[in-house]
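> Could you work out the structure for the sequence below:
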Amino acid sequence: VKLVNGCLLGWALLIFLPRWKHTPTISLYVSAFYAALYSLLLPSSIFGSLPPGSSFTSLQGIVTLFSSKKAVLAGWVHYVSFDLLVARFILLDSQAAGIPHLLIVWILPLTLLLGPAGLTCYLLLKPLVSASKDRKQR
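Predicted structure coming up:
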């Protein structure tokens, strides 16, 4: 499952080479690769033979579903693809808003590890930075 660690290329580019002209494209393609891999894993891991009681309609059903290694792998690949895509959005949006990279660089590893928490931090940070910039311009 070392294949999943290939996503670290995209993360390294977002963190260490945020303004390199190829960073947005490469990170998008890395995320798209894992999205395609997820699409290939999905039929055998989710729609194949599932542990009895697996479902998406209850917490217990999800717990049972993820007792299958195939389902866990598909879930992991799903997170890898989407978290990288969210981090790419954060980077590009912060650049468009003129937010210095040093203010968001800590949010990228947070997004890698905790996905929605990283996005939430960015969405809270952005208006604060914008308000601060507005006050300085007056």
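> And Leu41, how close does it get to Ala35?
11 Å (Cβ to Cβ, to the nearest Å). Placement of C-beta: from N, CA and C, glycine included.
> Equivalent analysis for Leu59, please.
Leu59 is 26 Å from Ala35, by Cβ to Cβ.
> Compare neighbour counts for these two and give me the winner.
Ala35 (16 against 8; other Cβ atoms under 10 Å).
> Correct me if wrong: the more buried one contacts Ser81.
Yes. Here Ala35 reaches Ser81: they are 4.5 Å apart, a contact under Cβ atoms under 8 Å.
> so how many other residues sit close to the closest residue to Ser94 other than its chain neighbours?
Excluding its sequence neighbours, the residue lying closest to Ser94 (Cβ to Cβ, 6 or more residues apart in numbering) is Ile104, at 4.7 Å. When neighbours are counted by other Cβ under 10 Å, Ile104 registers 27.
> Pull the contacting residues for Pro116.
Applying Cβ atoms under 8 Å, 6 or more residues apart in numbering to Pro116 gives no contacts.
> ditto for Tyr122
90, 93-94, 104, 107, 111.
> in what helix or strand does it lie?
helix 116-137 (DSSP states H and E).
> on that earlier part again, now do the phi/psi pair for the residue nearest to Ser94.
Dihedral angles of Ile104 (phi, psi; degrees, to the nearest 10) stand at phi -110, psi -10.
> Could you tell me the model confidence score at it?
On pLDDT, Ile104 comes in at 97.
> now swap in the one 10 residues further on and tell me
Taken from the predicted model, the pLDDT recorded for Leu114 is 96.
> That one: neighbour count?
Neighbours of Leu114 (other Cβ under 10 Å): 13.
> and what of Thr64?
Around Thr64 there are 17 residues (other Cβ under 10 Å).
> hang on, it packs against Thr57?
No. With contact defined as Cβ under 8 Å, Thr64 does not count as touching Thr57 (11.4 Å).
> With adjacent residues omitted, what lies nearest to the residue nearest the centre of the chain?
Residue closest to the average C-alpha location in the chain (Cα atoms, centre = their mean): Asp83, at 0.6 Å. Spatially, and ignoring its direct neighbours in sequence, Asp83 is nearest to Gly115 (4.8 Å; Cβ to Cβ, 6+ apart).
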